[in-house]
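Student: Have a look at this fold, sequence not included:
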């Protein structure tokens, strides 16, 4: 047994299984980091793209929805500084969202609305209970989502080429009705996009500048941002989507001159960041340490992290969610993170929190086991979770030896 409470033989099993996934074409390559008891184990396997340069530990990946926990931390920093309050209406800083109208039916015509029963709050945005968000199925099944796509509001896979800046993005979004009354149901994604605009206005500076100064620089996240500058593109992985018929990965975004090769007009707080495994490990460690980092400095207070990582949804809000059946059986949602609420497998430890990125990344911090684990690939997880991700989390927990 190593200093971190790992079995060396079982860690070797992790490398063997992950190598088989890469050799079988599931992904061109991957990077994993697992950290426990002061010991970190890294696996760097394969290439940055099919037929391309070798994968590196410092390869940069599009982390898509793993942006959301970062945005939640930024929001909580401003809450602790009293620039925002969890249960205050957002109307003061986001007047575009005042006096909301709400669809009579979530999938109904845009003309059939009623007044919102109350204003939107910061808590609504953090918990995805704002009444607007993604639902399974084609956008055309929900006129509000189809209208959002028509307005260029980036409701699908990450698209940093969104042509509207934050103010125009919010103005356009404010022309749409909500799909549900505020506080009624968990609807994914859009709350983090709105939070990105709110953070910039509350802080009085661009979102990326605030994130860099208050989170990335303190934690040493030197490769995290909303685009990859030219000098770093030799470390940027290509992104793939699985063909719906064959399952074979097909190129979605190139590294050299793709969607993340220039600063975005709209920094997407829902899915826009790129990062490395070590950068995100530092973020996960900070949350595992309940807000502390480095030599005992604090990014957030312990109570703030505990609020972030507690299940904030009521049974009624989960029941009203359009998420797939079984989603909430042993899971909940905090502020920008998923929380495990019950044991339903080897890797489902109650209290564990984290989230995944739809373009192929995954992270969790586990207070009970005192571990942080990060998986970085660049083959999309949707429409279903890939076997490499399922096996990774089994392999992390089977390696515990104490």
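Tutor: Ah, there it is. Fair warning: this is a prediction, and the values are worked out from it, not measured in the lab. Numbering: from 1, shown residues only.

Student: how about the closest residue to residue 80 other than its chain neighbours, secondary structure?
Tutor: In space, and not counting its chain neighbours, residue 80 is closest to residue 304: 5.8 Å by CB to CB, 6 or more residues apart in numbering. The C-beta positions use only the backbone N, C-alpha and C, and glycine is treated the same way. Three-state call for residue 304 (DSSP: H, G, I helix; E, B strand; the rest coil): helix.

Student: Model confidence at residue 304, what's the number?
Tutor: Turning to residue 304, the model gives it a pLDDT of 98.

Student: What separation do you get for it and residue 68?
Tutor: 16 Å (CB to CB, to the nearest Å).

Student: Of those two, give the one with the bigger neighbour count.
Tutor: Between residue 304 and residue 68, residue 68 has the larger neighbour count (other CB atoms under 10 Å), namely 29 against 19.

Student: in what helix or strand does the more buried one lie?
Tutor: Assessed by DSSP states H and E, residue 68 sits inside helix 67-80.

Student: chain center to whatever helix or strand comes next after that helix: distance?
Tutor: Using DSSP H and E, the next helix or strand after helix 67-80 towards the C-terminus is strand 101-103. Its chain's C-alpha centre and that of strand 101-103 lie 27 Å apart, by CA atoms, centre = their mean, to the nearest Å.

Student: buried ones in strand 101-103?
Tutor: Within strand 101-103, the residues that qualify as buried are 102, 103, counting by 16 or more other CB atoms under 10 Å.

Student: Not counting that strand itself, show me its contacts.
Tutor: With contact meaning CB atoms under 8 Å, 6 or more residues apart in numbering, strand 101-103 is reached by 110, 112-117, 131, 144, 177-181.

Student: Recalculate using a threshold of 10 Å.
Tutor: Identification of contacts with strand 101-103 by CB atoms under 10 Å, 6 or more residues apart in numbering yields 109-117, 131-132, 142-144, 176-182, 184.

Student: Out of these, which end up buried?
Tutor: Neighbour counting over these (16+ other CB under 10 Å) leaves 116, 131-132, 142-144, 176-182, 184 as the buried ones.

Student: Can you pick out the most distant pair from the residues you listed?
Tutor: The largest separation in those, counting by CB to CB, is between 143 and 182 at 19.5 Å.

Student: Residue 142 is in contact with residue 177, isn't it?
Tutor: No: using CB atoms under 10 Å, residue 142 is not in contact with residue 177, being 11.4 Å away.

Student: Quickly list what's touching both of those two.
Tutor: Contacts common to residue 142 and residue 177, judged by CB under 10 Å, 6+ apart, are 103, 108.

Student: so how many other residues sit close to residue 335?
Tutor: The local packing of residue 335 (other CB under 10 Å) involves 29 other residues.

Student: Could you report the distance from residue 341 to residue 313?
Tutor: Here the criterion is CB to CB. By it, residue 341 lies 10 Å from residue 313.

Student: shared neighbours, those two?
Tutor: Here residue 341 and residue 313 have 328, 331, 332 as joint contacts, going by CB under 10 Å, 6+ apart.

Student: Residues in a beta bridge with the second one, which ones?
Tutor: Put plainly, it is residue 331. Beta-bridge partners of residue 331, counted by DSSP bridges, are residue 340.

Student: wait, what's in contact with it?
Tutor: By CB under 10 Å, 6+ apart, the contact set of residue 331 is 311, 313, 318, 323, 338, 339, 340, 341, 342, 344, 348, 352.

Student: any idea which of those has the most stuff around it?
Tutor: residue 352 (25 neighbours).

Student: ok, it - contacts?
Tutor: Neighbour list for residue 352: 309, 331, 337-341, 343, 364-369, 371, 373, 393, 397 [criterion: CB under 10 Å, 6+ apart].
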